[in-house]
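Trainee: structure for this input, please:
(one chain, ligands or ions: 1)
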Amino acid sequence: MSDTDPSKGENPADLFRRQRDLILMASGDGIYGIDVQGISTFVNPAAARMSGYSVEEMLGRNLHELVHHSHADGRHFPSCECPIHEATRDGKIHRIYDDVFWRKDGTSFPVEYVSTPIWDDGRIAGAVVSFRDITERKRAEQDLRDSEQRYRAMFDGSNAAGFLIDAETCFVLDENKQTCALFGYSEAQLRLLRAEDLFVGAPGEIPAFWRKVQREGAAETETPFAVTAEGDRIPVRLSASRIRYANRTGLLVLATDLSVRREIEARARALQSELHHVSRVSAMGEMASAMAHELNQPLSAVMNYLAAARRLSKTEFDGESRTLQMVEKAISQASRAGEIIRSLRTFLDKGEAETEFASPYDVIHDTLPLIEPAVTAAGLSLSCELDPDAPHTLLQRVNIQQVLLNLIRNAAEAMSEQAQGVINVACWSSNEQIWVEVADQGPGLSQDQQAKLFQPFNTSKSDGMGVGLSICHSIISDHDGDIHAENRPGGGAVFRFCLPVITPGDRA
Ligand code: ADP
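Mentor: Just a heads-up that it's a prediction; the model follows:
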């Protein structure tokens with residue numbers, strides 16, 4: 001001890017008291033003592049500073065009444081329930097991590113405290129209370145919770161199934177909602193799975209993918225499939241990257257469902273091939289148009305020669321010979337061929353669909369020769385009930401022909417398994433509407449087919465495109481008409497469309 005030492009000459013009890021006071025003064029924690037009645041016997045400056053009182057204001061007071069009178073929600077806090085006072089009764093240390101003390105100005109602050117009984121000669125003399133303002137700790141905890149919730153929301157808000165796996169064991173540690181939705185497993189089930197159980201690819205592809213992630217820290221591929229709890233396979237883009245968290249290494253895995261994209265790609269490919277088909281058909285159409293034009297002249301010549309031959313044989317054989325009969329038959333066949341060629345030319349020559357006033361009867365009449373050969377070749381026949389007086393209306397001839405051809409072709413295809421069958425085409429009208437229907441004797445329409453009949457890409461045929469009826473629907477809608485289908489009571493399907501009667505006056 002030096003000469004300047006203030007403790008020099010002090011008796012040990014005074015020295016101890018002074019050192020204890022120095023410690024109490026210096027402590028950053030609030031410290032106070034109470035007797036068994038709860039009256040304060042000492043208060044350190046930190047306790048007074050935190051409570052907004054002076055040491056003098058706190059000394060000799062019931063501190064429960066002063067700083068601990070209410071709960072955080074404002075409810076009264078009876079001292080008989082207070083753990084600080086309990087220490088003076090049960091002689092045990094009471095530690096509380098989340099409570100509030102009240103300041104002089106009426107505000108509160110969060111505290112953690114410990115109340116330790118003071119023993120004097122085998123009896124409890126009171127308790128010493130040490131408390132700490134935990135505002136900062138609580139704010140840090142809240143920040144942590146907010147941040148956790150923010151990242152959880154981002155993780156869950158992602159479109160991709162995202163999950164974290166342990167880099168060594170490859171077991172799933174955490175996952176977002178999309179992961180459960182994509183794979184069809186609950187969170188608990190996923191925790192029992194390893195990343196390699198969740199994907200399949202070409203032989204060796206998946207192990208090679210994980211090796212690349214381990215080696216290079218990240219990898220991505222678009223060829224594997226996610227294997228669901230049901231055993232289904234869903235095409236996915238799989239990406240994984242190594243991340244460090246809490247002194248551990250994990251792999252963050254993202255799997256994006258590609259089924260919709262693959263479906264769109266498949267449709268685009270199908271459309272592409274349909275487009276090739278259409279361009280082939282249109283090239284053939286041009287050829288057919290040229291041929292029809294070229295054939296027209298020789299056919300007219302044949303007709304002329306036959307007419308001359310008929311006149312001759314009538315005069316030479318008095319109209320009774322076998323030759324004359326054969327010439328008559330040849331004339332009827334040649335005029336039928338002429339009719340087919342004329343219809344073909346009308347159908348093919350109209351590049352742009354022109355709108356005109358026409359009789360549906362004429363349109364149907366011109367269309368049937370185009371499809372009749374295919375119907376007959378399939379062993380089927382066409383029957384017609386057409387109203388020749390059906391009113392003229394505003395229509396796009398080529399497009400209505402297109403609708404008829406589609407419906408009759410579908411009817412013939414529906415009966416392709418049958419040895420025989422009749423396709424009935426009918427047309428009738430009222431003052432406002434013209435009705436056209438194509439009825440077959442095929443298997444009819446299932447309920448499922450009826451629901452999506454006019455939707456594009458709906459087909460039950462192995463080589464079908466499923467666009468015919470959706471085109472028919474849009475053509476009839478363009479004419480302000482309506483098209484629908486139903487099953488016939490006796491079997492088979494009937495497709496019926498109606499067009500509004502439009503007169504030149506209406507158009508004006
Ligand atoms: P595609 O003929 O290329 O399949 P469509 O759009 O013309 O395309 O027809 C769609 C589907 O509607 C057909 O695949 C078939 O299942 C059904 N369908 C159309 N017409 C008939 C019919 N007359 N009888 C039975 N089913 C039909």
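
Trainee: would you mind extracting the C-alpha trace of stretch 354-374 into PDB?
Mentor: The C-alpha trace of stretch 354-374 is given here as PDB (Å, rounded to 0.1, in the frame of the first residue of the first chain):
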ATOM      1  CA  GLU A 354     -64.900 -12.500 -99.600                       C
ATOM      2  CA  THR A 355     -68.100 -11.600 -98.100                       C
ATOM      3  CA  GLU A 356     -71.100 -11.900-100.400                       C
ATOM      4  CA  PHE A 357     -74.900 -12.400-100.400                       C
ATOM      5  CA  ALA A 358     -75.400 -16.000-101.200                       C
ATOM      6  CA  SER A 359     -77.800 -18.800-100.700                       C
ATOM      7  CA  PRO A 360     -76.600 -21.400 -98.200                       C
ATOM      8  CA  TYR A 361     -78.300 -24.000-100.400                       C
ATOM      9  CA  ASP A 362     -75.900 -23.000-103.300                       C
ATOM     10  CA  VAL A 363     -72.900 -23.100-100.900                       C
ATOM     11  CA  ILE A 364     -73.800 -26.600 -99.700                       C
ATOM     12  CA  HIS A 365     -74.600 -27.800-103.100                       C
ATOM     13  CA  ASP A 366     -71.200 -26.600-104.400                       C
ATOM     14  CA  THR A 367     -69.400 -28.200-101.500                       C
ATOM     15  CA  LEU A 368     -70.800 -31.700-101.500                       C
ATOM     16  CA  PRO A 369     -69.100 -32.700-104.800                       C
ATOM     17  CA  LEU A 370     -65.700 -31.900-103.200                       C
ATOM     18  CA  ILE A 371     -66.100 -34.300-100.300                       C
ATOM     19  CA  GLU A 372     -68.400 -36.900-101.800                       C
ATOM     20  CA  PRO A 373     -65.600 -39.000-103.500                       C
ATOM     21  CA  ALA A 374     -63.800 -39.400-100.100                       C
END
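
Trainee: who's in contact with that stretch?
Mentor: 336, 339-340, 343-344, 346-347, 382, 384, 386-398, 400-401, 404-405, 408-409, 412, 425, 427, 429, 434, 436, 499, 504 (CB atoms under 8 Å, 6 or more residues apart in numbering). (Glycine included, C-beta is placed from N, CA and C.)

Trainee: what does stretch 302-320 give?
Mentor: 321, 323-324, 327-328, 330-331, 334-335, 338.

Trainee: rerun that using 10 Å as the cut-off
Mentor: For stretch 302-320, contacts defined as CB atoms under 10 Å, 6 or more residues apart in numbering pick out 295, 321-335, 337-338.

Trainee: show me which of the residues you listed neighbour the ligand.
Mentor: Checked against the ligand using CB under 6 Å from any ligand atom, these yield no neighbours at all.

Trainee: can you give me the strands for the stretch 201-350 of the chain?
Mentor: Defined through DSSP state E, counting those that start in this stretch, the strands belonging to the stretch 201-350 of the chain, from first to last, are 218-221, 225-227, 233-245, 248-257.

Trainee: check the stretch 351-500 of the chain too.
Mentor: Secondary structure of the stretch 351-500 of the chain (DSSP E, counting those that start in this stretch): strands located at 355-358, 381-386, 393-396, 422-429, 433-439, 482-487, 493-500.

Trainee: same check, this time on the stretch 51-200 of the chain
Mentor: 94-102, 108-120, 123-133, 161-166, 172-175, 199-200.

Trainee: partner strands of the third one and their direction?
Mentor: I take that to be strand 123-133. Its sheet considered, strand 123-133 pairs with strand 30-35 (antiparallel), strand 108-120 (antiparallel) by DSSP bridges.

Trainee: now do it: distance to the chain's middle.
Mentor: Centroid displacement of strand 123-133 relative to its chain, using CA atoms, centre = their mean, to the nearest Å, is 62 Å.

Trainee: likewise stretch 208-224?
Mentor: A distance of 27 Å separates the centroid of the chain from that of stretch 208-224, by CA atoms, centre = their mean.

Trainee: ok, residues contacting it?
Mentor: Outside stretch 208-224, the residues that touch it by CB under 10 Å, 6+ apart are 165, 167-168, 170, 195-196, 198-202, 205-206, 233-243, 249, 251-256, 258, 261-262.

Trainee: spell out which parts of this protein neighbour the ligand.
Mentor: Near the ligand, when you scan the chain using CB under 6 Å from any ligand atom, you find 406, 410-411, 414, 440, 442, 445, 449, 453, 458-461, 464-470, 493.

Trainee: helices and strands of the chain: which one has the lowest mean pLDDT?
Mentor: Least confident element among the helices and strands of the chain, by mean pLDDT, DSSP states H and E: helix 504-507 (a mean of 72).
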